[in-house]
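Q: only geometry, no sequence info:
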């Protein structure tokens with residue numbers, strides 16, 4: 001008999017959120033689908049039902065805590081008590097810091113960081129009285145290592161990391177049965193590169209190696225099943241980036257200054273007039289995949305989870321530092 005558990009996923013209609021909704025739908029879970037775009041909500045709900053789950057799609061801007069609170073109350077009333085809450089919603093602006101307006105910076109922070117705070121608050125208000133539940137924060141290697149052209153997004157992911165550590169300590173102090181964990185992801189082939197605001201001269205792209213969003217979705221589902229784990233690292237590049245930054249942050253500064261701007265752009269010119277999702281959703285169903293299927297890996301044998309992290313970390317650290325030093329010597 002299939003489990004009839006309840007999961008809430010923010011940013012559930014595209015990219016990693018869409019792929020994660022599919023994973024839980026195949027398990028037969030009841031899924032609260034939160035996002036802004038009506039087209040994506042309808043398409044995701046239909047897909048969840050086709051795969052064997054039950055969907056409740058609620059238009060929600062996670063930056064508005066009242067909307068998130070209403071969504072949480074509706075989910076519990078119609079689907080039952082939530083077992084897992086996944087904070088995945090994000091937005092960004094691709095541009096040097098000085099080209100991003102204060103309003104744009106605030107919006108990225110409100111969605112990507114405050115959205116996580118709002119979701120966590122609403123989830124804990126319902127999970128703590130029952131003394132059970134899991135909260136999964138969808139993070140990134142950029143929660144540890146900032147890169148050029150993404151200062152607002154990197155700042156938000158860094159903030160989520162610190163916020164999550166604080167809340168985890170507080171839950172441990174309370175000896176709570178509610179757990180909070182974070183999944184740090186690599187570069188992924190998602191639609192964000194076609195819908196986020198960009199002031200770059202060429203189209204934005206994920207920095208290779210690129211993974212399909214299903215790789216991230218499987219890791220997020222694993223984290224939901226093992227929420228007592230501190231965090232999970234997905235992909236060799238994530239582990240190498242995090243560990244190398246601990247050892248040689250200054251070297252990475254210089255390396256990214258030389259390579260990071262070009263690596264995040266294709267050779268195709270950007271259309272400065274295209275719609276973006278910063279303040280309102282881009283119409284249409286954007287699905288899980290972006291435009292980089294031909295270059296993306298469907299599997300990651302280097303996925304770092306649980307106790308495997310420490311063993312792989314030593315190897316990844318050596319490889320990353322060795323590569324950095326060789327590049328430095330070559331200059």
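A: Everything's here; your move. Because the structure is a prediction, the values reported are computed rather than measured. Numbers count the residues shown, from 1 in each chain.

Q: Per-residue pLDDT of the residue nearest the centre of the chain, please?
A: Nearest to the geometric centre of the chain sits residue 138, at 3.7 Å (C-alpha atoms, centre = their mean). As predicted, residue 138 sits at a pLDDT of 98.

Q: Show me what the helix or strand that contains residue 179 packs onto, helices and strands only.
A: Taking DSSP states H and E as the criterion, residue 179 maps to strand 178-185. In terms of contacts (3 or more C-beta pairs under 8 Å, 6 or more residues apart in numbering; DSSP states H and E), strand 178-185 is packed against helix 115-130, strand 133-140, helix 151-173, helix 213-225, strand 231-233, helix 236-247. For glycine as for every other residue, the C-beta is placed from the backbone atoms N, C-alpha and C.

Q: Tell me how far it lies from the chain's centre.
A: Computed by C-alpha atoms, centre = their mean, to the nearest Å, the chain-centroid distance of strand 178-185 equals 11 Å.

Q: what is the mean pLDDT for the helix or strand just after it?
A: Using DSSP H and E, the helix or strand that follows strand 178-185 in sequence is helix 192-195. Mean per-residue pLDDT for helix 192-195: 97.

Q: Tell me which residues of helix 192-195 come out buried.
A: Residues of helix 192-195 classed as buried: 192, 193, 194, 195 (neighbour count, 16 or more other C-beta atoms under 10 Å).

Q: Quick check: the gap between the second one and residue 274.
A: Plainly put, residue 193 is 11 Å away from residue 274 if you go by C-beta to C-beta, to the nearest Å.

Q: residues contacting residue 56?
A: 30, 31, 32, 33, 45, 74, 75, 78, 79 (C-beta atoms under 8 Å, 6 or more residues apart in numbering).

Q: Residue 134 now?
A: Residue 134 sits next to 83, 84, 85, 178, 179, 180, 181, 224, 227 when contact means C-beta under 8 Å, 6+ apart.

Q: could you dump the contacts of residue 56 to CSV with secondary structure?
A: CSV is the format used below for these (DSSP: H, G, I helix; E, B strand; the rest coil):
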residue, secondary structure
30, strand
31, strand
32, strand
33, strand
45, helix
74, helix
75, helix
78, helix
79, coil
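
Q: Now the buried members of those.
A: Applying 16+ other C-beta under 10 Å to these, the neighbour count classes 30, 31, 32, 33, 45, 75, 79 as buried.

Q: With respect to residue 142, which of these is nearest?
A: Proximity of these to residue 142 (C-beta to C-beta) peaks at residue 33, which lies at 25.6 Å.

Q: which residues does the closest one bridge with?
A: For residue 33, the beta-bridge partners are residue 9, residue 57 (DSSP bridges).

Q: Could you measure from it over to residue 262?
A: Between residue 33 and residue 262 the computed distance is 37 Å (C-beta to C-beta).

Q: Same check on residue 111?
A: Remark: distance between residue 111 and residue 262 (C-beta to C-beta) = 27 Å.

Q: So between these two, which is more surrounded?
A: Using other C-beta atoms under 10 Å as the criterion, residue 111 and residue 262 rank with residue 111 on top: 27 against 10.

Q: what about the more buried one, which SS state?
A: Reduced to three states with three-state DSSP, the structure at residue 111 is helix.

Q: hang on, isn't it packed against residue 67?
A: No: using C-beta atoms under 8 Å, residue 111 is not in contact with residue 67; the gap is 12.0 Å.

Q: Let me see the contact set for the nearest residue to residue 40 once chain neighbours are set aside.
A: Spatial nearest neighbour of residue 40, chain neighbours left out: residue 13 (3.0 Å); criterion: C-beta to C-beta, 6 or more residues apart in numbering. Contacts for residue 13 were tallied using C-beta under 8 Å, 6+ apart; they are 33, 35, 37, 40, 41, 43, 44, 285, 286.
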